[in-house]
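Enquirer: pasted the sequence and its predicted model underneath.
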Amino acid sequence: MNTTIPAIKVRNLTKSYKEKSVLKGVNLTVPQASIFSLLGSNGAGKTTILKILATLLRPDSGSAEICSFDVVRQAGQVRSHISLTGQFAAVDELLTGKENLWTIGELRHLLDKKEQADELMELFRLTDVADHPVSTYSGGMRRRLDIAMSMMGISPVIFLDEPTSGLDPQNRLAMWDIIKSKASAGTTIFLTTQYLDEAEYLADHVAVLHEGVIIADGTADELKDLLPRGIVQLQFKNKPELEKAIELLREYKVFNVECECRLDVQTDGGAKQFADILNLLNQKNVEILKFCPKQSTLEDAFLTLIGEKEGGHNP
Ligand SMILES: Nc1ncnc2c1ncn2[C@@H]1O[C@H](COP(=O)(O)OP(=O)(O)O)[C@@H](O)[C@H]1O
Ligand SMILES: [Mg+2]
């Protein structure tokens, strides 16, 4: 396939459920063989976008293409290029894990469905239960099986709706490895997640969906660059010390006051201002338990972006 064609291209996409307008003009481009993560609060419309891209739901207006095929006019071609794991497990309870994979293999006319099923069971650490009916599986096992099903055959684009929800930390890490290796083998992965560390670790590109539009997109680092720099975090012994510090630092912008006697202070990022702050507190005998320059996370960026749009004052 021509690698200059984006794997996914979305232009001015809109969708309402009755009078409720969920997507109000979404634009996205995802290059081939990359991992893209769509972020947004609960109810932002992530699953709605995913369903439209997977041809399960028609958009009201705008366009979406998968490997240059239009999701409405060329739904058949789109379906042959994608596979989807929904937010809720879609496995057949009565069949064994392996049989679930074989069923998908048959639908996709795979000649080596049994070999692929065995490999995926191994990869997803389900070999021991491969011949047990799914009704005996734990939630995490079902989830893993569900995602294994999306990996039967070779789809250029895989959609994963909250792939690691309900997985324990060990299986979550294993899932990250599998997703990474799929992308390095040339598959494009489009995932939604509510875990920002997941997006930060996995995704080449992230986009934030808020109130029906994409309010920011780029690499995780680019999004973090939108945050103010030079925040210093100070931790105090107790609330009175914290309050004294707030009073002394009234010339500075401070935030996150409430949580755990901690204070974030905005500085110019230079050593002098950092030293000034510590001196000021020391001179007045305010006891500081810990201090450090704050490393921004994608979560900070996300909360800031959303907070700004809602007129909040998160840092
Ligand atoms: N079939 C539907 N009918 C009516 N409202 C819906 C339907 N599906 C989703 N919604 C509403 O649309 C909004 C976006 O839902 P969804 O796409 O599932 O968000 P997300 O996946 O980001 O949590 C929510 O407010 C949800 O309640
Ligand atoms: Mg959802």
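Expert: Thanks, I have the structure now. Ligands and ions are numbered 1, 2, ... in the order given.

Enquirer: buried sites along stretch 32-47?
Expert: By 16 or more other CB atoms under 10 Å, the buried positions in stretch 32-47 come out as 32-40, 44-47. The way it works is simple: take the backbone N, C-alpha and C, and place the C-beta from them, glycine included.

Enquirer: ok, stretch 7-16 next?
Expert: With burial defined by 16+ other CB under 10 Å, the residues of stretch 7-16 counted as buried are Ala7, Ile8, Lys9, Val10, Leu13, Thr14, Lys15.

Enquirer: try stretch 213-224
Expert: Applying a neighbour-count criterion of 16+ other CB under 10 Å, the buried positions in stretch 213-224 are Val213, Ile214, Ala216, Asp217, Ala220, Leu223, Lys224.

Enquirer: now stretch 137-150
Expert: Buried positions in stretch 137-150, judged by neighbour count with 16+ other CB under 10 Å: Tyr137, Gly140, Met141, Arg142, Arg143, Arg144, Leu145, Asp146, Ile147, Ala148, Met149, Ser150.

Enquirer: mind jotting down where the helices sit in this protein?
Expert: All helices of the chain, identified by DSSP state H, fall at 46-53, 75-81, 97-107, 113-123, 139-150, 169-184, 196-202, 220-224, 239-248, 271-283, 298-309.

Enquirer: let's have those helices in CSV, adding mean pLDDT and distance to ligand 2.
Expert: Below are the helices of the chain laid out as CSV (pLDDT from 0 to 100; distance: least, CB to the ion, whole Å):
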stretch, mean pLDDT, distance to ligand 2
helix 46-53, 96, 3
helix 75-81, 94, 20
helix 97-107, 93, 22
helix 113-123, 95, 24
helix 139-150, 90, 14
helix 169-184, 90, 17
helix 196-202, 90, 14
helix 220-224, 87, 21
helix 239-248, 91, 38
helix 271-283, 91, 42
helix 298-309, 81, 16
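
Enquirer: which of those sits closest to Asp161?
Expert: Distances from Asp161 to each of the helices of the chain were compared by CB to CB, and the smallest falls on helix 46-53, at 5.4 Å.

Enquirer: any idea how far that closest one is from the chain center?
Expert: Counting by CA atoms, centre = their mean, to the nearest Å, helix 46-53 is centred 14 Å from the centre of its parent chain.

Enquirer: that helix close to ligand 1?
Expert: Yes - between helix 46-53 and ligand 1, judged by CB under 6 Å from any ligand atom, the touching residues are Lys46, Thr47, Thr48.

Enquirer: sorry, back to before: nearest to ligand 2 among the buried residues of stretch 32-47?
Expert: Taking CB to the ion as the measure, ligand 2 sits nearest to Thr47 out of the buried residues of stretch 32-47, at 3.2 Å.

Enquirer: name the nearest residue to whichever residue of the stretch 201-315 of the chain sits closest to ligand 1, sequence neighbours excluded.
Expert: In the stretch 201-315 of the chain, the residue that lies nearest ligand 1 is Leu209 (7.0 Å; CB to the nearest ligand atom). The spatial neighbour of Leu209 that comes closest, neighbours along the chain excluded (CB to CB, 6 or more residues apart in numbering), is Gly40 at 3.7 Å.

Enquirer: with that, I have no additional questions.
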